[in-house]
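*Asks:* make a model of this:
(chains A and B)
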Amino acid sequence: MIFTTRVEDGRCIVSLGGRLDTVTSPACEEKFRDLVSEGHLAVVVDLATLDYISSTGLRVLLQMARQLEAKNGKVCLANVQHNVMSVFELTNFTRIFVIKNSVDEAMESMREKE
Amino acid sequence: MITVKHLRKQFGDLAVLKDITTEIRKGEVVSIIGPSGTGKSTLLRCLNLLEMPDGGSIEVGGADVLDRKTNVPKVRQRMGMVFQSFNLFNHLSVLENLTLAPRKLKGVRRAEAEAKALELLRLVGLAEKVHSYPDELSGGQKQRVAIARCLAMEPEIILFDEPTSALDPTMVHEVLSVIRRLARNGMTMAIVTHEMDFARDVSNRVVYMDEGVIYEEGPPEQIFDHPQRERTRAFVNRIHSYTCRIASRDYDLYDMNASIEAFCEKQILPRKTRDNLLSLVEELLQIYHPLLGSIVLDMTISHIEKSDVLEVIMESTGEPGNPLESAQREDDLGLTIINSLIQDQKYSRDGDKNRLEFHLKR
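*Replies:* As a prediction, this is how the structure comes out:
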């Protein structure tokens, strides 16, 4: 699993790649937790290179979203690949998360809500 | 006609026939099927003593062929054999191949033997090849001559040892047609074959052999449509399986994934099917996760080639109950994904195990 971060315009862009499954989810969950506890409350998760997500991975994203919500933060997902989108649609994640086609659109969406 | 009891045959330390008991009745057509190396050809070769059994008994028309007093050549004359590799006499013409045995062994006069040979060649559709030599014939033609040669001795039973296995697929049909005609005419036959459709059509009874024993036998409808036993089912449906046992929570998912991917590649399954299978396996293992350590879980993934169905079976020890319903879950995300990937599921209690069976959507 790839987990890299950069900060742009006061927002944290997380690039999440590879697999988010039973094996990689615990580490990913910890990294998201650290991110929130460090004060990053506006998060864009770039899923351009995420090939696979299981239910464990979905819970990590949910957990991250709940942690942000508890601190009045917000999250937007971007560049969701086809097979990951299928899982999102199946599990109603498309109703839970704001999903945009690119990081730029996600950033714009966050600006509009501020 | 032929009664076999507790037949055994060993080659060195290898027990090829362990305990064979069966009979072939007059007018029956018995197909013998099973994996390679399971003793089918050896059984046939024991019947006419091309191989000498190490134990048991064989009676042909009431005569014990293993009795020293029995005139074995006379018994053999009552049985014809057709081999995978034809075994024609290459230095003799087709006509000579057919007339040699009747003239030498039964004292039939040349003219009578030749007339009979011609009649038999017409029966197998090769009258025009009467003066040809074997190396001028195709594989299918050679085998038809071999069958005619068998018939020239007027056998009571014909043993066929994989009569089409050495043939180009385009020639299989012509040989099977001849055998079908013999069946319609009431010839008693025992046929070792890998042609399942043919065995289903032509046989009165099918014997499935596995590991040197008769594992299951019955009418074709039973063996091919409703096999009673597991290995018969796996063989006739060309089921290929991958199994693994998960006894603790420390299983290596990626190692398992690699094995499953290799299995899918071997079965030439589409990538999408492979991905769905991997997803299903991971989600199922997550369902079982709280139980691992206190139960033993056996997972079997089977590709049923005949129907192109992919099946996942989870068998677990522990208290009776459907793990999908009884396992503690924080949400239904995993179950939602599972239900999207399968076309059906079935729970049953099999002895002391809980058994869940899933069929993947195509």
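*Asks:* now do the contacts for B:K266.
*Replies:* Taking Cβ atoms under 8 Å, 6 or more residues apart in numbering or on different chains as the contact definition, B:K266 lies against B:H240. Backbone N, C-alpha and C define where each C-beta goes, glycine included.
*Asks:* look up how far chain A lies from it.
*Replies:* As for B:K266, its distance to chain A is 22 Å (criterion: Cβ to the nearest Cβ, to the nearest Å).
*Asks:* span of stretch A:93-109 from start to end?
*Replies:* Here the two ends of stretch A:93-109 are set 18 Å apart, with distance taken as Cα to Cα, to the nearest Å.
*Asks:* for the record, mean pLDDT for that stretch?
*Replies:* Stretch A:93-109 shows a mean pLDDT of 94.
*Asks:* for stretch B:203-220, same thing?
*Replies:* Here the average pLDDT along stretch B:203-220 is 94.
*Asks:* for B:K129, phi and psi?
*Replies:* Note on B:K129: backbone dihedrals following degrees, to the nearest 10 are phi -100, psi 10.
*Asks:* burial count for it?
*Replies:* Using other Cβ atoms under 10 Å in any protein chain shown, B:K129 has 20 neighbouring residues.
*Asks:* quick one: contacts for it?
*Replies:* If you count contacts by Cβ under 8 Å, 6+ apart, then B:K129 has B:V94, B:L121, B:E136, B:L137, B:Q141, B:V145 around it.
*Asks:* pLDDT below threshold where in chain A?
*Replies:* Applying pLDDT under 70 to chain A flags the ranges A:114.
*Asks:* and it, which residues reach chain B?
*Replies:* Taking Cβ under 8 Å from any Cβ of the partner chain as the test, the list of chain A residues beside chain B reads A:21-23, A:52, A:54-56, A:58-59, A:83, A:87, A:90-91.
*Asks:* got a quick PyMOL command for the buried subset of those?
*Replies:* Buried residues within those, by 16 or more other Cβ atoms under 10 Å in any protein chain shown, are selected in PyMOL with:
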select buried, chain A and resi 21+22+23+52+54+55+56+58+59+87+90+91
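*Asks:* can you map out the strands along chain A?
*Replies:* A:2-8, A:11-20, A:42-46, A:50-53, A:74-78, A:98-100 (DSSP state E).
*Asks:* for B:R110, find the nearest of these.
*Replies:* strand A:50-53 (78.7 Å; Cβ to Cβ).
*Asks:* relative to the closest one, what are the paired strands and their orientations?
*Replies:* Partners of strand A:50-53 in the sheet, by DSSP bridges, are strand A:11-20 (parallel).
*Asks:* buried residues, the partner strand. List them.
*Replies:* Under the neighbour-count criterion of 16+ other Cβ under 10 Å, strand A:11-20 has A:R11, A:C12, A:I13, A:V14, A:S15, A:L16, A:R19, A:L20 buried.
*Asks:* so can I have a markdown table of those residues showing distance to B:N237?
*Replies:* As requested, the buried residues of strand A:11-20 are exported to a markdown table (distance: Cβ to Cβ, whole Å):
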| residue | distance to B:N237 |
| --- | --- |
| A:R11 | 57 |
| A:C12 | 54 |
| A:I13 | 52 |
| A:V14 | 48 |
| A:S15 | 47 |
| A:L16 | 43 |
| A:R19 | 34 |
| A:L20 | 37 |
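*Asks:* which member of the residues you listed is positioned nearest chain B?
*Replies:* The shortest separation between chain B and any of those is 9.3 Å, and it belongs to A:R19 (by Cβ to the nearest Cβ).
*Asks:* ok, now how distant is the residue nearest to the closest one when sequence neighbours are not counted from B:L341?
*Replies:* Closest residue to A:R19 apart from its sequence neighbours, by Cβ to Cβ, 6 or more residues apart in numbering or on different chains: A:Y52 at 4.4 Å. The spacing between A:Y52 and B:L341, counted by Cβ to Cβ, to the nearest Å, is 14 Å.
*Asks:* so what sits against both of those two?
*Replies:* Taking Cβ under 8 Å, 6+ apart as the contact rule, the neighbours common to A:Y52 and B:L341 are B:S279.
*Asks:* tell me the contacts of the most centrally placed residue in chain A?
*Replies:* Central residue check for chain A by Cα atoms, centre = their mean: the C-alpha nearest the mean position is that of A:V45, 3.6 Å away. Neighbouring residues of A:V45 by Cβ under 8 Å, 6+ apart: A:V14, A:L16, A:L61, A:V75, A:C76, A:L77, A:A78.
*Asks:* I figured the fourth one was touching A:A65, is that so?
*Replies:* Spelled out, that is A:V75. Yes - between A:V75 and A:A65 there is a contact at 5.4 Å, judged by Cβ atoms under 8 Å.
*Asks:* can you give me phi and psi for the closest residue in space to B:P102 that isn't next to it in sequence?
*Replies:* Among residues not flanking B:P102 along the chain, B:V108 sits closest, at 4.1 Å (Cβ to Cβ, 6+ apart). B:V108 adopts backbone torsions of phi -70, psi 140, taken as degrees, to the nearest 10.
*Asks:* let me know how buried B:V108 is, in neighbour terms.
*Replies:* B:V108 has 19 neighbours, counted by other Cβ under 10 Å.
*Asks:* do the same with the one 5 residues further on
*Replies:* Here the number of neighbours of B:A113 (other Cβ under 10 Å) works out to 22.
*Asks:* sec struct for it, please.
*Replies:* helix (DSSP: H, G, I helix; E, B strand; the rest coil).
*Asks:* got it, and the one 3 residues further on?
*Replies:* Reducing the assignment at B:K116 to three states with three-state DSSP gives helix.
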